[in-house]
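Peer 1: Got a sequence here, can you build the structure:
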Amino acid sequence: MELISIGYLQKPHGTKGEIKVTIEDTYWEDCLAASVFFVEVEGQALPYFKTRIHTKNPITIQFEDINSREAAKVIASKELFLRAEDVHAALNETLAYTSYEGFLLLDKELGKIGVISEVLELPQQQMAVVAYAGKEVMIPLNDTFIRDIDKKQKHLHMELPAGLLDL
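Peer 2: Next comes the predicted model:
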């Protein structure tokens, strides 16, 4: 299951388990529509079911089974996630490229290029940052160059324009 970070939980608010939350503007509508959120606790993404969200300042969220300040402290100051399928489809397509971090980039002609260390979002497009031939190169991520994606093996097969890696 692919999770997308949408913001973070702050500190408990009040005594009934409500917790202050910061949500990135991009995900606000998805947050309001979602019924289940995920929080990483002890290295495991655990589901938390929303019972209520208070949209006035401070923005707070109430989860099922979190009904005291002490219970809310367990998940305070943690990153908040939604399942990729719960994020608006158009946005999900744009964000899909960020999920390629850690993938091995392979070119049709040159073979192994390197592992994608980072995906940068530039105004024009997203770029994969890869260590190649002793230097860091940026490779445009778009459907024109991507031939195949093997999520199981974490391989991104591309057909790069001649000379791109020489820049």
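
Peer 1: List of residues touching stretch 36-48?
Peer 2: With contacts defined as Cβ atoms under 8 Å, 6 or more residues apart in numbering, stretch 36-48 is touched by 1, 3, 9, 49-50, 61, 63-64, 66, 74-75, 78-83, 86. In short, each C-beta sits where N, CA and C put it, glycine included.

Peer 1: Filter these down to the buried ones.
Peer 2: Among the contacts of stretch 36-48, those scoring as buried are Leu3, Leu9, Ile61, Phe63, Ile66, Ile75, Leu80, Phe81, Leu82, Arg83, Asp86 (criterion: 16 or more other Cβ atoms under 10 Å).

Peer 1: Would you check that the fourth one makes contact with Ser35?
Peer 2: I take that to be Phe63. No - with contacts counted by Cβ atoms under 8 Å, Phe63 stays clear of Ser35, the gap being 10.6 Å.

Peer 1: anything in contact with each of the two?
Peer 2: What both Phe63 and Ser35 touch, as defined by Cβ under 8 Å, 6+ apart, is the set Phe49, Lys50.

Peer 1: how about the helices in the chain?
Peer 2: 28-33, 69-75, 89-95 (DSSP state H).

Peer 1: worst average pLDDT in these?
Peer 2: Here those differ in mean pLDDT, and the lowest is helix 89-95 at a mean of 50.

Peer 1: could the buried ones among the contacts of stretch 36-48 go into TSV alongside distance to Glu121?
Peer 2: Below are these laid out as TSV (distance: Cβ to Cβ, whole Å):
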residue	distance to Glu121
Leu3	18
Leu9	24
Ile61	27
Phe63	30
Ile66	33
Ile75	28
Leu80	20
Phe81	19
Leu82	19
Arg83	21
Asp86	21
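
Peer 1: Return the member of those residues nearest to Gly134.
Peer 2: If you rank the buried ones among the contacts of stretch 36-48 by distance to Gly134 using Cβ to Cβ, Leu3 comes first, at 34.2 Å.
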